[in-house]
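Asker: Quick one: sequence and predicted model below, then my questions.
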Amino acid sequence: MENQTKDLTAIRREYCGVDFLSSELAVSPVQQFSKWFDQARQVRPDDVSSMTLATASATGMPSARIVLLKHYDERGFCWYTDYESNKGQDLAANPQAELMFYWNTLERQIRIQGTVHKLDEQSAQRYFSQRPRASQLSAAASFQSQPISSRTELQAVVTELETRSQGAQIKKPSRWGGYCLLPSRFEFWQGREGRLHDRLVYVLSGDQWHIQRLQP
Ligand SMILES: Cc1cc2nc3c(=O)[nH]c(=O)nc-3n(C[C@H](O)[C@H](O)[C@H](O)COP(=O)(O)O)c2cc1C
């Protein structure tokens, strides 16, 4: 194949969000998150709760992937996954992580840094039992992030589980559960004209949130 650089420098758009002032911010960053989340949900309901989860391994190698936010409140932001997956191994070695939302229609990005802990077994069980049966079977069949020789083999494991269950409830594997990120820093980014974007940050100091504006 010809080794020709694909030049993307001409792909350019103007951001034109309205003024985003620190005086308009909610006192609590979780309330501010709720405000933006609800607005994003109105304009872009598909995948509004999808977020990039960035972790780092014991040796400092970063990894990022999308997961779905399933609940949040002042105590943290939660998602469900396989504890033995790559992200699970990263989090076991280094519980610090960042969550990132990007809602392009609103020209908004939110970054949330913090420490991550596992949710209790009851919460995992509760959410697992609400999931559609096909999702339960996938979670039970798949050892997430492990190699498998083919899709046929994966499908065979699912079929075998379904046959063995004889229509009974699918058991949640012990390796499947929830994580919760307890935030220590939030950044709310609003795209603005001429790349003079607004960046407002909440940093936790003791039990108080301090607000700062950062240069774009
Ligand atoms: C829209 C979307 C939603 C996803 N939601 C989840 C999720 O909630 N939990 C999860 O474990 N993986 C989810 N994934 C798959 C992950 O991005 C990733 O492939 C998987 O978790 C394995 O990541 P790891 O090998 O880094 O552990 C989602 C992917 C996409 C594109």
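Answerer: That came in fine, so what should we check first? Numbering: from 1, shown residues only.
Asker: Beta-bridge partners for the most centrally placed residue in the chain, please?
Answerer: The chain has residue 51 as the residue nearest its centroid, 3.3 Å off, counting by C-alpha atoms, centre = their mean. Beta-bridge partners of residue 51, counted by DSSP bridges, are residue 67.
Asker: surely it meets residue 70?
Answerer: No - when contacts are counted by C-beta atoms under 8 Å, residue 51 is not listed as touching residue 70 (10.6 Å). (Glycine included, C-beta is placed from N, CA and C.)
Asker: intersection of neighbour lists for the two?
Answerer: Each of residue 79 lies in contact with both residue 51 and residue 70 under the rule C-beta atoms under 8 Å, 6 or more residues apart in numbering.
Asker: Residues of this protein that sit close to the ligand?
Answerer: Residues of the chain found near the ligand (C-beta under 6 Å from any ligand atom) are 47, 50, 63, 65-68, 79-81, 85-87, 144-145.
Asker: Please narrow these to those residing in helices.
Answerer: Among the residues of the chain next to the ligand, DSSP state H puts 86, 87 in helices.
Asker: Buried ones among the residues of the chain next to the ligand?
Answerer: Buried members of those, counted by 16 or more other C-beta atoms under 10 Å: 67, 79, 80, 81, 85, 87, 144.
Asker: From the contact counts, what lies against the helix or strand residue 126 falls within?
Answerer: Taking DSSP states H and E as the criterion, residue 126 maps to helix 121-130. Helices and strands touching helix 121-130, as assessed by 3 or more C-beta pairs under 8 Å, 6 or more residues apart in numbering; DSSP states H and E, comprise strand 76-82, strand 176-190.
Asker: go with 10 Å
Answerer: Applying 3 or more C-beta pairs under 10 Å, 6 or more residues apart in numbering; DSSP states H and E, we find helix 121-130 packed against strand 76-82, helix 133-141, strand 176-190.
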